[in-house]
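Trainee: what's the 3D shape of this:
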Amino acid sequence: MAGSPILKVDTIWVHIRDVRRARVFYRDALGLAELHYDEASQHASYRLPRGPPLAMHKQGKGEPGRRAGTVTGLYLRVADVRKAARAIKRRGGRVTDEPEKMPWGKWNATVADPDGNEFVLTD
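Mentor: Residues are numbered from 1 along each chain as shown. All right, here's what the predicted structure looks like:
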C-alpha cells in the first residue's frame, strides 16, 4: 500500500460566536500574531509558531462542523505550562484546568477562548 496522500496540516479551524471578543483572546491572551482579519466575513487567522495557521470564524446557522464552544483537541506546546498559564491569565485569558503533572511526566493545563473552545497547553 502506498503512503498517505496527506502532506501536512494546512489550517486549524475553530468556530466562534463573536469575532471581536475572540480576537482579544487569540491575539492578546495567547500572544499569537494576527495574519488576517475580515470584519465583513467574521474571520481571522493567526500564526502558530512552527505550525499551520489557526483560523476562526463566526459559525453560520446550520453550518456543518463542531459547534462553537467545544473541545478542539488541539495541544499547544509551551516551554513551561505553569508559566504559560499564569501569563495567559494575566493577559485576560481563562484557564479551565489548572496546570497538573500528568502520570506520563508532562505538565498540562487547559485554556478556553471566550466561546469555550478549549486548547491544552503541554510542555
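Trainee: so where's this protein shaky on pLDDT?
Mentor: 1-2, 5-6, 64 (pLDDT under 70).
Trainee: got the CA positions of stretch 97-107 in CSV?
Mentor: Taking Å, rounded to 0.1, in the frame of the first residue of the first chain, the C-alpha atoms of stretch 97-107 are listed here in CSV:
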residue,chain,number,x,y,z
ASP,A,97,-8.0,23.3,34.0
GLU,A,98,-5.1,24.4,36.2
PRO,A,99,-1.6,23.1,35.5
GLU,A,100,-1.2,19.5,36.5
LYS,A,101,1.6,17.0,36.2
MET,A,102,0.3,14.0,34.2
PRO,A,103,1.1,10.4,35.1
TRP,A,104,3.4,10.2,32.0
GLY,A,105,5.5,13.1,33.3
LYS,A,106,4.4,16.1,31.2
TRP,A,107,2.5,19.1,32.6
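Trainee: Which residues does that stretch contact?
Mentor: Residues from elsewhere that reach stretch 97-107 (CB atoms under 8 Å, 6 or more residues apart in numbering): D80, V81, R82, A85, N108, A109, T110, L121, T122, D123. From N, CA and C alone the C-beta is placed, and that goes for glycine too.
Trainee: Would you map the strands across the chain?
Mentor: 12-16, 33-38, 43-47, 54-58, 71-77, 94-101, 107-112, 118-122 (DSSP state E).
Trainee: Can I get the ones you listed in JSON lines including mean neighbour count and distance to R23?
Mentor: Formatted as JSON lines, the strands of the chain follow (neighbours: other CB atoms under 10 Å; distance: least, CB to CB, whole Å):
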{"stretch": "strand 12-16", "mean neighbour count": "20", "distance to R23": "9"}
{"stretch": "strand 33-38", "mean neighbour count": "12", "distance to R23": "7"}
{"stretch": "strand 43-47", "mean neighbour count": "19", "distance to R23": "6"}
{"stretch": "strand 54-58", "mean neighbour count": "20", "distance to R23": "9"}
{"stretch": "strand 71-77", "mean neighbour count": "15", "distance to R23": "17"}
{"stretch": "strand 94-101", "mean neighbour count": "14", "distance to R23": "15"}
{"stretch": "strand 107-112", "mean neighbour count": "19", "distance to R23": "15"}
{"stretch": "strand 118-122", "mean neighbour count": "19", "distance to R23": "16"}
